[in-house]
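Asks: Got a sequence here, can you build the structure:
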Amino acid sequence: MARSEAARTALLDAAERLFAEHGIAPVSDRRVAEAAGNSNHSAVGYYFEGRPGLLRALITRHAAPLEARRLDAFEGSDSLLGDVRSLVIPHVDLLASLPQPSWRARFLHRAAHDPSVEDLMRESARSVTVVAHSVVARLDHLDREVVAGRVRLTAHMVSTACAEVETRAQQDGQEPRWAAVGNFLADAIAGMLQAPITRNGM
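Replies: Residues are numbered from 1 along each chain as shown. Just a heads-up that it's a prediction; the model follows:
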């Protein structure tokens, strides 16, 4: 690996860990550089042209391979559960491929709830929109607003659950059982999406 690429990767790894542990806004670019072992405190600006570029690179390095995997899985889906699995399983499989300990799931959880990164997260996950349209179509017998709300809830369920699994794994010193996590989440989400709707007055 070239020296510049190694320095860039070290900055990404340091930023991912610090953002996961402390949140995005409280961590300065200088602190990221120091944690990466870079004596140039302007390293984030040099390699990424500032904080927005750093965040884009962090999200892209997870989203880019994930997009292709999700679309490939979705092509083989013939059911609601298949649609959900095409969203969830590639994500947990990618988390499972990372060296341990990992901070990826916790960083993504932070990013998903940070208004400054919201648009970037949405732009990087176009496959989610494709699959969501299919989910809504399969549930056309249910109220569309309720279904749309449940689809939005799906992202929070996956983000929160994966962050919690990653945290417990680091605390316990054990490998996360990502395959089991993915199956559990896919089954739970599919059940939630098609659950009966309780109306006021019923």
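Asks: Tell me which helix or strand comes right after the lowest-mean-pLDDT helix or strand in the chain.
Replies: In the chain, the helix or strand scored least confidently by mean pLDDT, DSSP states H and E is helix 118-123, which has a mean of 86. Moving toward the C-terminus from helix 118-123, the next helix or strand (DSSP states H and E) is helix 126-138.
Asks: So which elements touch that next one?
Replies: Helix 126-138 makes packing contacts with helix 51-75, helix 80-96, helix 144-172 when contacts are defined by 3 or more CB pairs under 8 Å, 6 or more residues apart in numbering; DSSP states H and E. Where C-beta positions appear, they are placed from N, C-alpha and C, glycine not excepted.
Asks: Just say which of those is most tucked in.
Replies: helix 80-96 (a mean of 21; mean count of other CB atoms under 10 Å).
Asks: is it possible to export the helices and strands packed on helix 126-138 to CSV including distance to A125?
Replies: As requested, the helices and strands packed on helix 126-138 are exported to CSV (distance: least, CB to CB, whole Å):
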stretch, distance to A125
helix 51-75, 6
helix 80-96, 9
helix 144-172, 9
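Asks: quick revisit: now find how far off-centre the least confident helix or strand of the chain is within its chain.
Replies: 11 Å (CA atoms, centre = their mean, to the nearest Å).
Asks: Now do that helix: everything it contacts.
Replies: 55-56, 59, 111-112 (CB atoms under 8 Å, 6 or more residues apart in numbering).
Asks: in it, what counts as buried?
Replies: 120-121 (16 or more other CB atoms under 10 Å).
Asks: Going forward, count from 45.
Replies: With 45 as the first residue, the last one maps to helix 162-167.
Asks: measure the closest residue to R113 other than its chain neighbours to L197 for me?
Replies: Nearest residue to R113 in three dimensions, chain neighbours excluded: P134, at 3.7 Å (CB to CB, 6 or more residues apart in numbering). Going from P134 to L197 by CB to CB, to the nearest Å gives 20 Å.
Asks: Could you do S171 as well?
Replies: 18 Å.
Asks: same thing with A51?
Replies: A51 is 40 Å from L197, by CB to CB.
Asks: next one: D116
Replies: 25 Å.
Asks: Find the helix or strand that the most centrally placed residue in the chain is a member of.
Replies: Taking CA atoms, centre = their mean, the centroid of the chain lies closest to L152, which sits 4.5 Å from it. L152 belongs to helix 148-156 when assigned by DSSP H and E.
Asks: Give me the residues contacting that helix.
Replies: By CB under 8 Å, 6+ apart, helix 148-156 touches 60-61, 63-65, 67-68, 99, 102-103, 106, 139, 142, 161-162, 164-165, 199-200, 203-204, 206-207, 209-211.
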